[in-house]
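Q: next input, structure requested:
(one chain, ligands or ions: 1)
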Amino acid sequence: MPRAPASEDDEMRDLSCDQSVDLLDMYVEGTLSPEMRADMQRHLGGCADCLALAEQYERLPRTEEVEQRLRATVAAARRWRH
Ligand SMILES: [Zn+2]
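A: Okay, the predicted model is just below:
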């Protein structure tokens, strides 16, 4: 992902749930950059679905099956909203 150029705008980079799920394993492992980590925390603070996923993610062994189930859960949650 390209780094956004420094901007004078106070632009909130709101993550979508898709992006959040993509970043979740790095977030849990603590390998995100501080900026991305802050974005994740902001998203998790306002998104109960992804927060619940993050909590599950920390507890479950990460297999492909688990990841697919988490993604399906997010996809279903998004369908409910729209
Ligand atoms: Zn979310």
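Q: so who does Tyr57 touch?
A: 24-25, 28, 70 (Cβ atoms under 8 Å, 6 or more residues apart in numbering). C-beta: built from backbone N, CA, C; applies to glycine.
Q: may I ask which of those residues has the most neighbours?
A: Leu24 (24 neighbours; other Cβ atoms under 10 Å).
Q: secondary structure element holding the residue sitting nearest the centre point of the chain?
A: Among the residues of the chain, Ser20 comes closest to the average C-alpha position under Cα atoms, centre = their mean, at 1.8 Å. Using DSSP states H and E, the element containing Ser20 is helix 17-29.
Q: what pLDDT does the closest residue to Asp18 other than its chain neighbours get?
A: In this structure, Asp18 finds its nearest non-sequential neighbour in Val74, 7.1 Å apart by Cβ to Cβ, 6 or more residues apart in numbering. pLDDT for Val74: 78.
Q: let me know how buried Val74 is, in neighbour terms.
A: By the criterion of other Cβ under 10 Å, Val74 has 20 neighbours.
Q: list the contacts for it?
A: Here Val74 is in contact with 17-18, 20-21, 49-50, 53 (Cβ under 8 Å, 6+ apart).
Q: so which of those residues are also by the ion?
A: Residues of those in contact with the ion (Cβ under 5 Å from the ion): 17, 20, 50.
Q: could you dump the residues you listed to JSON lines with pLDDT?
A: Shown next, in JSON lines, are those (pLDDT from 0 to 100):
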{"residue": "Cys17", "pLDDT": "90"}
{"residue": "Ser20", "pLDDT": "91"}
{"residue": "Cys50", "pLDDT": "91"}
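Q: ok, those residues vs Arg42, which is closest?
A: Closest approach between those and Arg42, by Cβ to Cβ: Ser20, at 10.0 Å.
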